[in-house]
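> I'll drop the sequence and a predicted model, then ask my questions.
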Amino acid sequence: MIEEIDWEAVRTDLDGQGWAVLPGLLSAAECDATAALYGPGPVFRSHVVMARHGFGLGEYRYFAYPLPPLVAGLRVSLYPRLAPIANRWNERMGVDGRFPDEHADFLDRCHTAGQVRPTPLLLRYGPGDYNCLHQDLYGEHVFPLQVAILLSAPGEDFTGGEFVLTEQRPRMQSRAEVVPLAKGDAVVFAVNHRPHRGSRGDYRVAMRHGVSKLRSGHRHTLGVIFHDAL
């Protein structure tokens, strides 16, 4: 499915707005099988209840190494498509760091710096749950793009619970966007900053993401983050 994505359109959307939809990245069966993993067990390394940390309401679990094959495969196959965009963004923003072509080489960089804990995660929301606006940074080495895949069907499995992005440009008020997603769709978006071209050249726009309050049902999301954590 990754080969069928219009990556030129993805690049254009990312450059223009800081996010892009990857339609039908996972099949319904893959969504259901991934959501069914949620719960105690060796597949996960930690469990976070958002309310305990002021992150919102809901919960999530970080996968342990070795990652499930589907999750590991997404990391390996998506990264080479996104690395050229990330490198171009860093160049435009005046950031010195550049990213290698293959994800394994980037992970070696993370692990050498002590970022050895896997960051892909599975999130679960119920009625009234939400996720506050945030950024997933985790350490010195941050890949500037990440992917969230909706594993549940809006209007059938849940209502509400929209994926929300905000951007803050210098000396301007924040702007919010709701990303339309169907079951199996993914959104790739800026983790921290993205470049924006203004009248005097490029400057940095800060972005955050979250999930609005669920009105009913249950919602599962797979988060694919490419850098590991301290």
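That came in fine, so what should we check first?
> hey, let's count contacts and neighbours off CA atoms from now on
Noted.
> OK, contacts around the residue nearest to Leu26 when sequence neighbours are not counted?
The shortest distance from Leu26 to any non-neighbouring residue, by Cα to Cα, 6 or more residues apart in numbering, is to Gly184 (4.6 Å). Shown in contact with Gly184 (Cα atoms under 8 Å, 6 or more residues apart in numbering): 23-28, 31, 149-152.
> against Arg215, how distant is Gly184?
21 Å (Cα to Cα, to the nearest Å).
> in the chain, which strand is the longest?
strand 201-211 (DSSP state E).
> just the C-alphas of it, formatted as PDB.
Provided in PDB are the C-alpha atoms of strand 201-211 (Å, rounded to 0.1, in the frame of the first residue of the first chain):
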ATOM      1  CA  GLY A 201      12.300  33.800   3.700                       C
ATOM      2  CA  ASP A 202      11.700  30.700   5.700                       C
ATOM      3  CA  TYR A 203      10.900  30.800   9.400                       C
ATOM      4  CA  ARG A 204       9.900  28.100  12.000                       C
ATOM      5  CA  VAL A 205       6.300  27.300  12.900                       C
ATOM      6  CA  ALA A 206       5.600  25.400  16.100                       C
ATOM      7  CA  MET A 207       3.100  22.600  15.900                       C
ATOM      8  CA  ARG A 208       1.200  20.500  18.500                       C
ATOM      9  CA  HIS A 209      -1.300  17.700  18.200                       C
ATOM     10  CA  GLY A 210      -4.000  16.200  20.300                       C
ATOM     11  CA  VAL A 211      -7.400  14.500  20.200                       C
END
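> next one: the following helix or strand past that strand to chain centre, how far?
For strand 201-211, the following helix or strand on the C-terminal side (DSSP states H and E) is strand 214-217. Here strand 214-217 is found 22 Å from its chain centre; the criterion is Cα atoms, centre = their mean, to the nearest Å.
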